[in-house]
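Engineer: Build the 3D model from these lines:
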Amino acid sequence: MGKIGFGEVLLILIIALVVVGPDKLPALGRQAGKAVRSLKKFISDAAKEMDIDEDIKSVRKDIADIQKDVRDIGKDIESSVDSVTSVTEKALRDTEKAADLSSVTVSDTPQTTQKKTDGEESTPQEKGE
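Structural biologist: All right, here's what the predicted structure looks like:
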């Protein structure tokens, strides 16, 4: 169904000739031709719009995928920054501890050593001075 053969077209033309008459048949043919062209143009435009709609849907999906990737990359960067921050803070604490140890005053360290009876050196703290 949907296909019209030569016999059917001939039958339609004969009926149109009888109903409309030979005077108006050419004008009716032109109007029918214009209507068919207009219908074809409408169908073609609708198909193009559907293709455009599909393209828009595809682009929107691509954009959503890119946004998801960017969010994931942002989370990875945030995690890396947190990791670097914690390592830096630990290094800073270790440096501060080392600086505290090196700032021990000279009076806190033994300055002179004295000989013990068996030949070993001893500090004034060991002698009880």
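Engineer: Only C-alpha atoms from now on, for both contacts and neighbour counts.
Structural biologist: Will do.
Engineer: could you measure residue 6 against residue 39, distance?
Structural biologist: The spacing between residue 6 and residue 39, counted by Cα to Cα, to the nearest Å, is 22 Å.
Engineer: Neighbour count: the two, which is higher?
Structural biologist: residue 39 (12 against 8; other Cα atoms under 10 Å).
Engineer: Please identify which helix or strand holds the more buried one.
Structural biologist: helix 25-102 (DSSP states H and E).
Engineer: Where does the prediction get shaky in the chain?
Structural biologist: Scanning the chain for pLDDT under 70 picks out 1-2, 103-129.
Engineer: at 80 instead, please
Structural biologist: Applying pLDDT under 80 to the chain flags residues 1-2, 100-129.
Engineer: center of it, which residue is that?
Structural biologist: Nearest residue to the geometric centre of the chain (Cα atoms, centre = their mean): residue 66, 2.0 Å.
Engineer: Enumerate every residue touching that residue.
Structural biologist: Applying Cα atoms under 8 Å, 6 or more residues apart in numbering, one finds that residue 66 lies in contact with no residue.
Engineer: give me that answer again for 10 Å
Structural biologist: Listed by Cα atoms under 10 Å, 6 or more residues apart in numbering, the contact set of residue 66 reads 60, 72.
Engineer: Also residue 16?
Structural biologist: Residue 16 is in contact with 10, 22, 24-25, 28-29, counting by Cα under 10 Å, 6+ apart.
Engineer: what comes up buried for whichever strand or helix holds it?
Structural biologist: Element membership for residue 16, per DSSP H and E: helix 6-20. For helix 6-20, a neighbour-count test (16 or more other Cα atoms under 10 Å) marks residue 16 as buried.
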